[in-house]
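In: Prediction below, plus the sequence it came from.
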Amino acid sequence: MVVDRTGPFVSLQTPHRTESGWEITGSVSDEAPATLDVDGRPAALSRDGNFHVTLPSRAHTAYLHAADAAGNETRQEVTLGDGESRASGWKVGALPTDTKVAVADAGSIKLLRQPPDVVSSHYVALNLEVVAPAGIARLSVAGEPILGLPDRPRLSFSQLVELHNGKNDLDIVLTDKDGREVRRMVSVERRNPDQLLAAERLQLAYYELSPAGTDAAETALAHRFNSIFEYQLSETTRFSVLERNRLDALMLERELSVSKLADPRYAVKLDTMKIADLLLLGQVRARPDGVAAEARLVQTRTGRIAAAMDVFHEKTDTATLEMLARALAGEMESRFPVVRGKIVALPEGGRRFVMDRGSNAGLRADLPVVVFSEKNFDVTLCGRGWIEAVKPERAAGRLDADSETPLAVGLEVVTR
């Protein structure tokens with residue numbers, strides 16, 4: 001077996017300045033399909049790997065990042081000045097066309113988990129890993145500087161970013177100790193949930209995230225985090241959180257043990273008693289390098305884990321715990337995206353339907369939905385159900401057995 005360990009070959013022609021800005025033309029070639037980012041933004045490649053981009057006319061350093069399907073990378077910086085242009089310290093004008101220039105490794109910005117394209121929450125959590133071989137001098141996320149940077153070339157962390165309505169372009173800027181910059185842009189759109197969705201929010205049962213061990217310090221840390229996290233959950237727009245004292249009363253009334261909630265198989269009892277749609281379980285773990293909070297959302301209808309997520313940081317002060325609690329709540333919301341579509345087919349009549357949205361819109365199997373009709377701003381609920389199977393542009397679903405309103409093509413479907 002031959003393993004590809006070679007990054008794409010990047011060739012540049014001499015950049016030149018026009019009225020529109022700096023014109024950069026070149027090509028990317030590799031045995032495997034390749035992609036190219038210029039200053040953190042995707043650049044279109046032709047079928048032959050050729051590209052042409054226009055950058056601002058000011059004097060600056062442009063950063064090119066090419067990667068192939070095997071994960072190999074090639075990085076190149078091009079200095080665009082008032083006099084001459086240089087690529088990685090070499091004068092571009094002195095190089096013939098299609099000459100491979102030297103590559104300077106300024107560093108990299110990696111998303112450890114891709115955030116959703118569309119969210120309904122006010123925040124999104126970015127899980128990042130940044131690497132600067134020369135050392136990290138400065139780092140900012142969405143214009144906010146990251147303070148207290150460690151004196152080492154690699155850093156992994158979670159950062160919560162506030163969103164405004166509409167499209168948000170979140171710029172991540174890494175500067176190494178040699179003054180070189182690496183940029184990456186992440187785009188997230190925020191949409192307000194529909195009024196119907198607000199009334200049909202998922203019922204979430206949450207007791208607490210338990211300490212991972214029995215150490216007194218870890219137990220105290222878990223208690224601090226839970227007191228903050230409980231408030232952040234109450235602020236979410238996707239869930240209706242069952243208060244802890246209310247959950248205690250319901251469990252006591254039905255002579256059920258709270259300790260058994262740690263077993264996901266036990267969660268189905270909450271569904272049969274109509275207590276909750278989701279059960280939140282997890283742990284708070286003290287680590288030598290900070291703190292991690294791990295959470296699992298268990299679907300009470302099936303007893304299966306619907307989503308698992310974690311956040312982590314090197315600090316354990318109150319401000320950091322508040323940020324991590326908001327980040328974890330935001331991660332939970334992002335796993336249940338707001339997707340709205342219409343019924344386009346009734347393959348077997350009865351309670352099954354096909355809607356005109358699929359995995360490309362963020363749908364996945366087991367997501368709960370509501371079916372409704374809307375006319376002249378009058379919304380009528382037809383029933384609740386769930387998604388059974390998804391394809392890129394279509395999804396098949398089923399209504400609950402207690403839904404009595406007959407289905408029809410054209411009815412609206414929205415995730416709960």
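Out: Thanks, I have the structure now. The model shown is predicted, which means the values in this text are computed figures rather than measured ones.
In: Please count neighbours and contacts with C-alpha atoms only from this point.
Out: Will do.
In: Low-confidence stretches in the stretch 201-350 of the chain?
Out: 243-248, 250-274, 349 (pLDDT under 70).
In: just the helices in it please.
Out: 216-234, 244-253, 268-272, 318-334 (DSSP state H, counting those that start in this stretch).
In: Just say which of the ones you listed is most tucked in.
Out: Of the helices of the stretch 201-350 of the chain, the one with the most neighbours on average (mean count of other CA atoms under 10 Å) is helix 318-334, at a mean of 22.
In: For that one, name the packing helices and strands.
Out: Judged by 3 or more CA pairs under 8 Å, 6 or more residues apart in numbering; DSSP states H and E, helix 318-334 is in contact with strand 123-131, strand 154-162, helix 216-234, strand 305-313.
In: Just tell me which of the ones you listed ends up closest to Ser403.
Out: strand 305-313 (23.2 Å; CA to CA).
In: for the closest one, packing partners?
Out: strand 154-162, strand 290-299, helix 318-334.
In: How about the closest residue to Pro15 other than its chain neighbours: which residues does it bridge to?
Out: Of all residues not flanking Pro15 in the chain, Ile24 sits nearest, at 4.9 Å (CA to CA, 6 or more residues apart in numbering). Bridge pairing for Ile24 (DSSP bridges) gives the partners Val53.
In: In contact with Ile24: list those residues for me.
Out: If a contact means CA atoms under 8 Å, 6 or more residues apart in numbering, then Ile24 has 12-16, 52-55 as its contacts.
In: let's see it at 7 Å
Out: Residues in contact with Ile24 (CA atoms under 7 Å, 6 or more residues apart in numbering) are 15, 52-54.
In: Would you convert those into CSV that also reports pLDDT, distance to Val371 and neighbour count?
Out: Converted to CSV, those look like this (pLDDT from 0 to 100; distance: CA to CA, whole Å; neighbours: other CA atoms under 10 Å):
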residue, pLDDT, distance to Val371, neighbour count
Pro15, 77, 56, 21
His52, 84, 47, 13
Val53, 86, 46, 13
Thr54, 85, 47, 16
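In: can you put the residues you listed in JSON lines and add distance to Ser403?
Out: Shown next, in JSON lines, are those (distance: CA to CA, whole Å):
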{"residue": "Pro15", "distance to Ser403": "65"}
{"residue": "His52", "distance to Ser403": "56"}
{"residue": "Val53", "distance to Ser403": "55"}
{"residue": "Thr54", "distance to Ser403": "56"}
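In: tell me which of those residues is nearest to Ala307?
Out: For the contacts of Ile24, the nearest to Ala307 is Val53 (39.9 Å; CA to CA).
In: close enough to count as contact, the closest one and Glu23?
Out: Yes. The criterion here is CA atoms under 7 Å, and Val53 meets it with Glu23 at 6.0 Å.
In: neighbours around the nearest residue to Leu160 once chain neighbours are set aside, how many?
Out: Sequence neighbours aside, Ala125 is the residue nearest to Leu160 in space, at 4.5 Å (criterion: CA to CA, 6+ apart). By the criterion of other CA atoms under 10 Å, Ala125 has 24 neighbours.
In: quick one: Ala125 from Val370, how far?
Out: Per CA to CA, to the nearest Å, Ala125 is found 27 Å from Val370.
In: And Val173, by the same measure?
Out: Distance, Val173 to Val370, by CA to CA: 41 Å.
In: One more: Thr18?
Out: 55 Å.
In: quick one: which of these two has more around it?
Out: Taking neighbours as other CA under 10 Å, Thr18 and Val370 compare with Val370 leading, 21 against 11.
In: Would you check how far apart that one and Leu279 are?
Out: 20 Å.
In: before we move on, what about Glu129?
Out: In terms of CA to CA, Glu129 sits 30 Å off from Leu279.
In: And those two? Which one has more around it.
Out: Leu279 (28 against 16).
In: Might you report the residue contacts of Val390?
Out: So Val390 contacts 358-359, 363-365, 396 (CA under 7 Å, 6+ apart).
In: Which one of these is nearest to Arg201?
Out: Arg201 lies nearest to Leu363 out of the contacts of Val390, by CA to CA, at 16.7 Å.
In: Now do the SS call for the closest one.
Out: State at Leu363, reduced to three classes by DSSP: H, G, I helix; E, B strand; the rest coil: coil.
In: What's the local residue count around it?
Out: 25.
In: Over to Thr214?
Out: 9.
In: By neighbour count, which bits of stretch 146-155 are buried? Give me those.
Out: Buried residues in stretch 146-155, counted by 16 or more other CA atoms under 10 Å: 153, 155.
In: per-residue confidence averaged over that stretch?
Out: Average pLDDT, stretch 146-155: 82.
In: Skipping adjacent residues, who's closest to Leu128 in space?
Out: Distance criterion CA to CA, 6+ apart; nearest residue to Leu128, sequence neighbours excluded, is Leu111 at 4.8 Å.
In: ok, the one you found to Ile172 distance?
Out: Leu111 is 11 Å from Ile172, by CA to CA.
In: When those two are compared, which one has more neighbours?
Out: Ile172 (21 against 14).
In: Which helix or strand contains that one?
Out: Element membership for Ile172 (DSSP states H and E) is strand 166-176.
In: That strand vs strand 154-162, what angle?
Out: Taking axes from the mean of the first three to the mean of the last three CA atoms, to 10 degrees, one finds strand 166-176 and strand 154-162 inclined to each other by 150 degrees.
In: Show me which residues of strand 166-176 are buried.
Out: In strand 166-176, counting by 16+ other CA under 10 Å, buried: 168, 170-176.
In: Please dump those residues into CSV; it should also carry distance to Gln159 and pLDDT for every row.
Out: Below are the buried residues of strand 166-176 laid out as CSV (distance: CA to CA, whole Å; pLDDT from 0 to 100):
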residue, distance to Gln159, pLDDT
Asn168, 15, 91
Leu170, 12, 91
Asp171, 13, 91
Ile172, 11, 92
Val173, 13, 91
Leu174, 14, 91
Thr175, 18, 91
Asp176, 20, 88
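In: Now distance to Gly350 too, for those, in TSV please.
Out: Listed next are the buried residues of strand 166-176 as TSV, based on distance: CA to CA, whole Å:
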residue	distance to Gly350
Asn168	42
Leu170	45
Asp171	49
Ile172	50
Val173	54
Leu174	56
Thr175	60
Asp176	62
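In: I'm done for today, thanks for sticking with me.
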